[in-house]
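Enquirer: Any chance you can model this:
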Amino acid sequence: MITRMGDFVAAIDQGTTSTRFMVFDHAGKEIGKHQVEHEQILPRSGWVEHDPVEIIERTREVIGATLDKLHLAASDLEAVGIANQRETAVVWNKRTGRPYTNAIVWQDTRTDRIAAALDRDGHGDVIRQKAGIPPATYFSAGKVQWILDNVDGVRAAAEKGDALFGTVDSWILWSLTGGPDGGVHATDVTNASRTMLMDLVTLDWDDELLGFFGIPRTMLPRIRSSSEPDLFGTTRADGPAGAELPLAGILGDQQAAMVGQVCLQRGEAKNTYGTGNFLLMNTGTDLVRSENGLLSTVCYRFGDDDPVYALEGSIAVTGSAVQWLRDQLKIIDDAADSETLAASVEDSGGVYFVPAFSGLFAPYWRSDARGAIVGLSRFNTGAHIARATLEAICYQSKDVADAMEKDSGVHLDVLKVDGGITANELCMQIQADVLGVQVSRPQVPETTALGAAYAAGLATGFWKDTDELRANWHEDKRWTPRIDDQARAGGHANWRKAVERTLGWVDVDSR
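Expert: Predicted coordinates for the structure are as follows:
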């Protein structure tokens, strides 16, 4: 453990659309931040890419800008954590530090035939048993296989030991700790659990799973705890902060939000509303295997403690559906306008919108689905579509919550929520109505960065234990259901009918 005595802990929060650096005090209060977006590269239908070089440049930029804005030196920070978009895959040359191609983002569906072939060949059940997740375009391994098979020279480089793979946390860690000059190639258990390559019991890369995808083990980072007293590494003195920063924690973004929401006891759950939605329930040290379309995943591991597991329902398109209203349909000028427009009508006027732009994730796992707006009549307006978009966010979360209750036997009394869409109070009221449970928003709604900071601060002793973290959590607002059970059931039944209309639209095997 380091003996640094900084006044603050910080986090790099590298998300799907932007990167930010946030600084927190001992009470978990945000001291300051800087955030910069990066380009969404969409070369063809179903393909979503990011430029890894742009991401690391943005990371350095936000670190330096935040410290300058707050007039802080690197020595004022006791530790730094990393939270990241999870399944996005980066493959780079360890000698030059250059990526071989753009990162393939978690939303990308180009690997649908790879995923379908795994089930056809009988490998799907092995992946579900060992990795806790189904063969799907969502996860990293198929993306790495696609790069090895389709980008010139990468497989030969991998066989020679020159090509490295990592999720975005690994790319940032390696780059900030020296890159080709001694960069640390590591990840944590939460990110490793999203690849289809790690055994959830042994917490190690599995040779059988690697064989399914033809991925050489030499490409892979070392798997470590989420909170490391011995540090993952330190940034170079010539880096963005002008001095060494100790990197002590790494968590995939949704697991980071679990820690930030202090959902540290079995049965506690949160829902993060971002580009997609991610509802997780802590299952303690018990690895609960889903029979209802959810994922079994590592929630976190602190130091040498036993790992804590979670059930997760991952939804591909929620906040990005609001962006679609803004950028493609152009019926709003700003994402926040969706609330005003949706509130101008009493209901959706019979319209249901299933935003299956990248297929459907939990609990359906249907890559053949595509988006649909149903129930339209000439009466309907853009306001009804806006309201149906907010309802879609909430109905997708209800599908996951219902599956989670079946798997765990735990009925939610309160759902903790975080993420950008929680600022939309109409959407949160709809969520309470659709679920039939109370919805609680914390005073720090952007809990992903806070969770990564917590992991780093626990590693260095900035926070002595998780009781201190729990004492930091404070509620900002709570929503209570306003509709009756009959209206709730009727709306959900119509939603399920709409979902059925989206299935089978794409013939996966012919693509």
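
Enquirer: partners of Ser440 in the sheet?
Expert: On the basis of DSSP bridges, Ser440 is bridged to Lys416, Arg478.

Enquirer: mind listing what it touches?
Expert: Contacts here follow CB atoms under 8 Å, 6 or more residues apart in numbering; on that basis Ser440 touches 414-417, 475, 477-478. In this view, the C-beta of every residue, glycine as well, is placed from N, C-alpha and C.

Enquirer: Hmm, Ile41 is touching Pro52, no?
Expert: No. Ile41 is not in contact with Pro52 according to CB atoms under 8 Å; the separation is 11.2 Å.

Enquirer: Please enumerate the shared neighbours of the two.
Expert: Residues touching both Ile41 and Pro52 (CB under 8 Å, 6+ apart): Asn102.

Enquirer: quick one, which of those two is more surrounded?
Expert: Set Ile41 next to Pro52 and count neighbours by other CB atoms under 10 Å: Pro52 wins out with 25 against 14.

Enquirer: ok, the more buried one to Val439 distance?
Expert: According to CB to CB, to the nearest Å, Pro52 and Val439 sit 36 Å apart.

Enquirer: now do Tyr100
Expert: Taking CB to CB as the measure, Tyr100 falls 44 Å from Val439.

Enquirer: So these two - more neighbours on which side?
Expert: Taking neighbours as other CB under 10 Å, Tyr100 and Val439 compare with Val439 leading, 27 against 20.

Enquirer: Hmm, Ala432 and the more buried one touching each other?
Expert: Yes. Under the criterion of CB under 8 Å, Val439 makes contact with Ala432 at 4.5 Å.

Enquirer: Quickly find the element holding Arg20.
Expert: Assigned by DSSP states H and E, Arg20 falls within strand 18-24.

Enquirer: for the helix or strand following that strand, what is the average pLDDT?
Expert: Once the chain leaves strand 18-24, the next helix or strand it forms, by DSSP H and E, is strand 30-37. What strand 30-37 shows for mean pLDDT is 95.

Enquirer: Which elements pack onto strand 30-37?
Expert: Here strand 30-37 touches strand 18-24, helix 52-70, going by 3 or more CB pairs under 8 Å, 6 or more residues apart in numbering; DSSP states H and E.

Enquirer: what's the average pLDDT for the last one?
Expert: Mean per-residue pLDDT for helix 52-70: 95.

Enquirer: Please list the residues outside it that contact it.
Expert: The contact list for helix 52-70 (CB under 8 Å, 6+ apart) reads 10, 12, 14, 18-23, 31-36, 38-39, 72-74, 90, 92, 98-99, 102-103, 168, 171-172, 175-176, 239-242, 245.

Enquirer: go with 7 Å
Expert: 12, 14, 19-21, 23, 31-36, 38-39, 90, 92, 99, 103, 168, 171-172, 175, 239-241 (CB atoms under 7 Å, 6 or more residues apart in numbering).

Enquirer: Now which of these would you call buried?
Expert: 12, 14, 19-21, 23, 31-35, 38, 90, 92, 99, 103, 168, 171-172, 175, 239-241 (16 or more other CB atoms under 10 Å).
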